[in-house]
Structures are given as C-alpha cells and as structure tokens.
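Novice: Sequence and predicted structure below; questions after.
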Amino acid sequence: MEDKSIKGKLSYIKSKINNLKEKYEYIKSVITFFKWLFLSTSIGIIVGGICSLFAHTLEFAVNLRGTYPKIILLLPFFGLLIVFLYKICKDDDDKGTNTIVASIQESSDIPFKMAPLIFISTVITQLAGGSAGREGAAVQLGGSIAKRLGKTLKLSEDSQRGIILCGMSAGFSALFGTPMAAAIFSLEVISVGIMHYSALVPCVTASLMAHFVAEGFNVEGEKFLIHFVPMASPENLFKIALFAVIVGGISSIFCIALHKVEHIFEKYIRNQYLRIFIGGCLVIILCVVFGTEKYLGSGMEIIEFIYLRGEAEWYSCLLKILFTAVTIGAGFKGGEIVPSLCIGACLGVFASDIIGMHHGIVMACGMVGLFCGVTNCPLTSLLLAFELFGVSGAPFYLVTVAVSYMVSGSHRLYKKQQILYSKTATNYDLKE
C-alpha cells in the first residue's frame, strides 16, 4: 500500500510539473508575440515610410523621362555615375538581393549603405530608361534597414534573421501594394522546399503595417481585376496547364538570360565603368534596331496597355527579356520582378487567341506563372494572383502556379536561393 501511495504522489507531482511547463511555454510564446509585435510594427512603419518616399521619387523619375524621352541617350553616362557611387562607398562588389538572402542563410552582414545606394541607383536607372523593376530594390531597402535596427538593438543572430525577413516583406508590401503576398514572399524565397514559419507573425505584421503607411502616403498598389472568367471546366483547365508548361519554360529562359549576360559582361569586360557604359550603349542600340522604346523601364506601362487593349506581339516577351538582361547584366540597379510580370503578361495576351480564351484570364495566368517560375514561390504566387486579379479565377491560377513551379526546374532569379528539396520527387532528402 505504501509503494502505491508513493507512486501516486510521484505521478501527481510529475503531472503538476508538466502543467507548469505547458503554462511556461504559453507565457513564453505570449511574451515572444508582444516582442515581435513591437519590432515588426516598428519595421513596418519605418520601411513603409522610406519606401513610400522611394515610390514617389520613382514616379517623378519615370514621369520626367516621359516628358524628355531623349534622356535615354544619357543612359551610359548615368551608368558611370552609378558605378562611381558604389566605388566611393566601397561597395563595388554589391550582389543586390542575393546579399539579403545570404545574410539569412549564413548570418552574414548587410552594409547599411546598401539602403541609400540602391535607392539612388534605382532612381537613376529608371530616370535614364534602364529596363529594370523596383520591387527588388524595395526588398533590399527593407532588409538593409531592418538589419541595422537589429544590430542597434543588439538582437541575437536568430532574431536578426527574423527582423530581416520583416524588412523584406515590408518593402515589397509598401511598393507593390500586395500585403498578403509580401508577407509570405520573404518566408518562401530563401529556401525552396521549406518555409520559415517562425517569422510568420512578424512578417504578416510588418507587411500589413507597411501597406497601411504606404496607403497613408498615397502610394497606390497595382490592380488588374479580371471581370470575365470562363468556366473552370476540365477542357479549359487543361488548356491553361499546357500554357503553364510554356510559361515555366520562358521563366527558365529569363533566369538563364539574366545570369548568362551578367557572366559574359563580367568575363570579357573586367572594368566596371566600361562594362556599364557599353551596356547602356547596347540598350540604346536595341531601341534603334527594334524601333521602339517601350521595353525601357520596369514594364508596368506595357502591362497596363495590353490589359486594356488585349493585344501583344509574339516577340514582346523575348524583347523584354533581352532589354532586362542587358540592363541588369551590365550593372544597372533595380529588380527583376516587374519585368517578369511584364513578360508573362505579353506571353498570356498573345497566347489567348491561340487557346481560345479571354485575354484577361490568360494574361493573369501568364503573369503569376512567370513570377512563380523565376522566384520558386508557389504560395506567394497564388496570393499575388488573388490580390492583383481577384479570386474569381482561382482554379486557373492554382493550375498555372503548380505546373510552372514544377517545370521551371532549378532555375532561379537569386543565385543564393537554396533549392533544398526536389520539385519532382517525394523523397525529401533528394536535393537538386
């Protein structure tokens, strides 16, 4: 009887200890929540404000270029200015968004000077007509600012990684106006096959806060609502699946072109001043050869035009790839996300007549499919589709994202992005 009584008491004590542990874990989680609520809200406000200024400055630069189109002739000289700025700041080995991705994977440093440099150099590129986007710059801005705050507050390495992810989400959200996609993007883009769910609440908070701040400063997000969506029949979904195979292939071509052109420039033109000057001259020559300047800039103007008109030439997507590859490869600054959306839009509108579907839905699928293929972020792509185009075409977006993700293989925009698990096999230890 005595033994049973002792065992009973021990069992009771053990259960009490377990209950205390559970309560402690709950309390610890609540404390962590409020800690990150404060940090991510701060990041959202700071990054949202700076990216709002960035957005309005870019708008001014683009409008100025529209008023004075001959400014394209100064592109090579503006390129020299960009290289000079990076040289005097001793950051001439800048790797752009790859630096942000590497800092999370390897806990490497992000120089705070990246923020003002990418701000100024992207504005210069847009002013002169370089074919580059802006969201990549916003991600770099957000990551750099967040890293500085993390170091100032003397956060742990793990917390610093989390706060960089917050900055990335905040920058993307403020500039593009898609807070749901932005929140997931930074969690998904670092390593293909896993997601950094520990940063989910911080990234969601930072993204939403940055979006609210940007709205307060009249930064308008892009919307291309699709008003006519065909029935999601097996026949129509099969057509979209076949189209998505082509989209995945074009996304691979875009990534290959970007990296190959950059490699050729670096291999054969070692001097950065000469490299960017020649690159600027090549962009001008391309404008003369093809008799158009519409492929300059981010490509958002093209998207808006074909969204309304429903017309695009078969070669538009290839020319946008060429213009962007030369611009980025030569050393001009900016992002690749909007150009990828432009390429997908052109491809979708052209293909819509071939597959016999309304140009709006096929254009939307082309944009989201290209984005997925180059970033390897299927969940982000799906959320991006909902925010840009509305949810009525959800089955078509889902099929496009799934197929494009699978067939795009190991190609990616960011070289530092790790593809940890195969896209085509279920054995999780298989790496590509």
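Specialist: Cool, the structure landed. Here the structure is a predicted model, which is why all the values come from computation and not from measurement.

Novice: Got the phi and psi for the closest residue to Phe228 other than its chain neighbours?
Specialist: Excluding the flanking residues, the one nearest Phe228 by C-beta to C-beta, 6 or more residues apart in numbering is His358, at 4.9 Å. C-beta: built from backbone N, CA, C; applies to glycine. Backbone torsions of His358, given as degrees, to the nearest 10, read phi -60, psi 140.

Novice: in this structure, which spans are strands?
Specialist: 191-192, 418-419 (DSSP state E).

Novice: what about the residue nearest to Phe228, neighbour count?
Specialist: 14 (other C-beta atoms under 10 Å).

Novice: what comes up buried for the least confident helix or strand in the chain by mean pLDDT?
Specialist: Least confident helix or strand, the chain: helix 97-106 with a mean of 75, by mean pLDDT, DSSP states H and E. With burial defined by 16 or more other C-beta atoms under 10 Å, the residues of helix 97-106 counted as buried are 97, 99-104.

Novice: can you tell me which of the residues you listed lies nearest to Asn236?
Specialist: Asn236 lies nearest to Thr97 out of these, by C-beta to C-beta, at 35.9 Å.

Novice: residues contacting the closest one?
Specialist: For Thr97, the contacting residues are 136, 139-140, 335, 413-414, by C-beta atoms under 8 Å, 6 or more residues apart in numbering.

Novice: Could you tell me which of the residues you listed belong to helices?
Specialist: Using DSSP state H, 136, 139-140 are the members of the contacts of Thr97 that sit in helices.

Novice: Those into CSV, with extra columns for distance to Ser169 and neighbour count?
Specialist: Shown next, in CSV, are these (distance: C-beta to C-beta, whole Å; neighbours: other C-beta atoms under 10 Å):
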residue, distance to Ser169, neighbour count
Gly136, 14, 27
Val139, 9, 30
Gln140, 13, 28
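
Novice: Adding distance to Ile124 and pLDDT as columns, could you present these in a markdown table?
Specialist: Formatted as a markdown table, the ones in helices among the contacts of Thr97 follow (distance: C-beta to C-beta, whole Å; pLDDT from 0 to 100):
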| residue | distance to Ile124 | pLDDT |
| --- | --- | --- |
| Gly136 | 15 | 80 |
| Val139 | 18 | 89 |
| Gln140 | 15 | 88 |
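
Novice: Sort out which one of the residues you listed lies nearest Val47 for me.
Specialist: Using C-beta to C-beta, those come closest to Val47 at Val139, 10.2 Å.

Novice: show me the contacts for that closest one.
Specialist: Taking C-beta under 8 Å, 6+ apart as the test, what Val139 contacts is 97, 100, 168, 171-172, 186, 335.

Novice: buried residues in stretch 54-67?
Specialist: For stretch 54-67, burial by neighbour count (16+ other C-beta under 10 Å) applies to 54-55, 57-58, 61-62, 65.

Novice: Pull up the per-residue confidence for Gly8.
Specialist: Gly8 is assigned 60 on the pLDDT scale.

Novice: Could you list the low-confidence segments of this protein?
Specialist: 1-23, 92, 94, 106-108, 426-432 (pLDDT under 70).

Novice: mind listing what Met406 touches?
Specialist: 248, 423-424.

Novice: Identify the farthest-apart pair in the contacts of Thr97.
Specialist: The widest separation within the contacts of Thr97 (C-beta to C-beta) is 13.2 Å, between Gln140 and Leu413.
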